[in-house]
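Visitor: attaching a predicted model along with its sequence, questions to come.
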Amino acid sequence: MYCPLRSTAAAAAEENKMARMSRAESNSNLCHIPEEILIQILVRLSVKSLLRFRSVCKSWYSLIIDPAFIQAHLKTSSQSTHIILSYKSELTRIDRYSIRYDDESFHQYFEPQLPSHILKQSLTMYGSCNGLVCLSNEETIRLWNPALRKLKTLPNSLIIDPNLDYLRTYLAHLAFGFLPGVNDYKVVRILCLRDDIYKPLPYKSQFLTEVYSLSTDSWKRIDVAPAYDFIGNRPAIVNGAAYWVAVKRTDEGNCCLLVRFDLGDEVFDEVMLPDGARHYSPYGPDLWDEVLPGARHFYPVLGESLCFFRYYRFALNERCDIWTKECGKLGSWTKQFTVNFHDTPYNLFGLRKSGELLQINRKKDLVSYNFETQRAKDLGIHSFLWNLSAYFYVESLIQLDGAECLFPLDSEL
């Protein structure tokens, strides 16, 4: 007896079988692409595509997770930088993250997600390097690969006393960077143990320092700690070293300088600032300093350099002097610009590929400042609070051993 339903089911089963055979044959053909050509193709793809292609065949899977391929992919990805943003949404009042193209459009590349219980901890970004982002609420530090959706919590600190009230006792300074010579990522934490957080500078303080190594997954205490008053919380990371603007107190008075911490040698030293920027007084005119990396706009051939910004405010007169210095050289600083900001910046984040300065203004808007026109372009990002932060970002396949997988990697495939 003829049964239409059985006939239809049999036809569907046969169709599925043929489709599986077709895919298997297609995958088999793909797996026979010469490896040299295959690598040249795959290194140009996004992390999302590569995660999908791991299931094509065993040889592709082995190739994509190979450390040599991961480094080759990172080198190619580094030619197309993005910007990762962290800000508090005015609508929901919760932290949001967004990765944007570093071009004229500033369109969103993708919006990475963190679980709600992590977002409630009010994490701050402390750096981005080779696709890894450092997040912390100062007590707990995490490393995050947004592209892989992996989050690693670092071991407990060696220098934090659990019996003390952290927020009332400590002032933390963090830096996160990469050492290419040993292929290791490090986090340095400098704690200022304060006797009274409500007293203005100077106050009695004791500094403690520790360094975390991703390769050993452990902290190491550094015996020599800096005896400076740090200005601001955001260091510049250039060529395996962290730079903070700080004040050194001497018998001759207060001296403003850069404190440098070498992530490889794990030692502190000093970098003198331009002659006109060394004096510091907390009771003088309204001024602040910032040091930023990424000044290839000024040194396209020589390499990485530091940018130092000294902002002055005398009554109705506002200006900002911008100096640059090539890293690793003993030469002096070079003054590049003196600009008058029409919209006073609240915080500076870095120099974009175009040479424009990424900053947040007093209205909590993210803007891109053009030095030639001396005008700022609104980028359409507004933060509810002053916690907007931005770092340059390159997506990567860099693994975090022992990390938590936040969401299934195939949830959007």
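Guide: Sure, I can see it.
Visitor: ok, which stretches of the stretch 101-250 of the chain are strands?
Guide: Assigned by DSSP state E, counting those that start in this stretch, the stretch 101-250 of the chain shows strands spanning 108-110, 124-129, 132-136, 141-145, 150-153, 170-179, 184-194, 205-213, 218-222, 229-230, 236-238, 241-250.
Visitor: quick one, which of the ones you listed gets closest to Lys75.
Guide: Lys75 lies closest, by CB to CB, to one member of the strands of the stretch 101-250 of the chain: strand 170-179, at 13.2 Å. In this view, the C-beta of every residue, glycine as well, is placed from N, C-alpha and C.
Visitor: which helices and strands sit right next to that closest one?
Guide: Contact here means 3 or more CB pairs under 8 Å, 6 or more residues apart in numbering; DSSP states H and E; on that basis strand 170-179 packs against strand 124-129, strand 132-136, strand 184-194, strand 236-238, strand 241-250.
Visitor: secondary structure element for Leu400?
Guide: Element membership for Leu400, per DSSP states H and E: none, as it lies in no helix or strand.
Visitor: which SSE is immediately downstream of the worst-scoring helix or strand of the chain on mean pLDDT?
Guide: The helix or strand of the chain with the lowest confidence, counting by mean pLDDT, DSSP states H and E, is helix 4-30 at a mean of 50. Next in sequence after helix 4-30, counting helices and strands by DSSP H and E, comes helix 35-42.
Visitor: which positions within that next one qualify as buried?
Guide: Residues Leu38, Ile39, Leu42 are the ones in helix 35-42 that count as buried (16 or more other CB atoms under 10 Å).
Visitor: show me the contacts for the last one.
Guide: By CB atoms under 8 Å, 6 or more residues apart in numbering, the residues touching Leu42 are Leu50, Phe53, Leu63, Ile64, Phe69, His73.
Visitor: just those residues now: which is nearest Asn239?
Guide: Out of those, the one with the shortest distance to Asn239 is His73. That distance is 22.5 Å, counting by CB to CB.
Visitor: counting neighbours, what do you get for Arg278?
Guide: Burial measure for Arg278: 14 neighbouring residues, criterion other CB atoms under 10 Å.
Visitor: who's in contact with it?
Guide: Taking CB under 8 Å, 6+ apart as the contact definition, Arg278 lies against Cys255, Cys256, Leu257, Met272.
Visitor: neighbour-wise, give me the winner out of the residues you listed.
Guide: In those, the most neighbours by other CB under 10 Å go to Cys256, 21 neighbours.
Visitor: distance of that residue relative to Lys335?
Guide: Shown here: Cys256 relative to Lys335, a distance of 16 Å by CB to CB, to the nearest Å.
Visitor: any buried residues in stretch 69-76, and which?
Guide: Within stretch 69-76, judged by 16+ other CB under 10 Å, the buried ones are Phe69, Ile70, His73, Leu74.
Visitor: residue contacts, Ile141?
Guide: Contacts for Ile141 were tallied using CB under 8 Å, 6+ apart; they are Tyr126, Cys134, Leu135, Thr153, Leu154, Leu174, Val187, Arg189, Tyr212.
Visitor: which non-adjacent residue is nearest the fifth one?
Guide: Okay, so that is Leu154. Nearest residue to Leu154, sequence neighbours excluded (CB to CB, 6 or more residues apart in numbering): Ile141, at 4.5 Å.
Visitor: beta partners of the one you found?
Guide: Ser136 (DSSP bridges).
Visitor: so it versus Leu123, what's the distance?
Guide: 9 Å.
Visitor: run a quick neighbour tally on the residue nearest to His82 when sequence neighbours are not counted.
Guide: Across the structure, with CB to CB, 6+ apart as the measure, the residue nearest His82 apart from its sequence neighbours is Tyr393 (4.7 Å). A count of neighbours around Tyr393, defined by other CB under 10 Å, yields 25.
Visitor: distance-wise, check Arg44 relative to Gly240.
Guide: In this view, Arg44 and Gly240 are 28 Å apart by CB to CB.
Visitor: and for Ile37?
Guide: According to CB to CB, Ile37 stands 35 Å off from Gly240.
Visitor: now swap in Ser389 and tell me
Guide: In this structure, Ser389 lies at 22 Å from Gly240, with CB to CB as the measure.
Visitor: with Thr124 instead?
Guide: The span separating Thr124 from Gly240 equals 23 Å under the rule CB to CB.
Visitor: try Leu348
Guide: Distance, Leu348 to Gly240, using CB to CB: 22 Å.
Visitor: so for these two, which residue has more residues nearby?
Guide: When neighbours are counted by other CB under 10 Å, Leu348 and Gly240 differ, and Leu348 comes out ahead with 22 against 18.
Visitor: what is the mean pLDDT for the helix or strand harbouring the more buried one?
Guide: Counting by DSSP H and E, the element that carries Leu348 is strand 345-351. Across strand 345-351, pLDDT averages out at 79.
Visitor: shaky segments in the chain?
Guide: Counting by pLDDT under 70, the low-confidence segments of the chain come to 1-31, 164-170, 194-205, 276, 279-304, 313-317, 328-331, 342-344, 407-413.
Visitor: rerun at 50
Guide: Counting by pLDDT under 50, the chain contains low-confidence residues at 1-2, 4-7, 11, 15, 17-19, 21-26, 200-203, 282-287, 294-303, 411-413.
Visitor: so which residue is smack in the middle of it?
Guide: Note on the chain: the residue nearest the mean C-alpha position is Ser128, at 1.9 Å, using CA atoms, centre = their mean.
Visitor: how far away is it from Ser98?
Guide: In this structure, Ser128 and Ser98 are separated by 13 Å, where distance is defined by CB to CB.
Visitor: now do the shared contacts for those two.
Guide: With contacts taken as CB under 8 Å, 6+ apart, the residues that reach both Ser128 and Ser98 are Ile84.
Visitor: surely the residue nearest to His82 touches Asn130?
Guide: No. The pair formed by Tyr393 and Asn130 falls short of the contact definition of CB atoms under 8 Å, at 9.6 Å.
Visitor: may I see the buried residues of whichever strand or helix holds Tyr311?
Guide: Tyr311 belongs to strand 305-314 when assigned by DSSP H and E. Residues Ser305, Leu306, Cys307, Phe308, Phe309, Arg310, Tyr311 are the ones in strand 305-314 that count as buried (16+ other CB under 10 Å).
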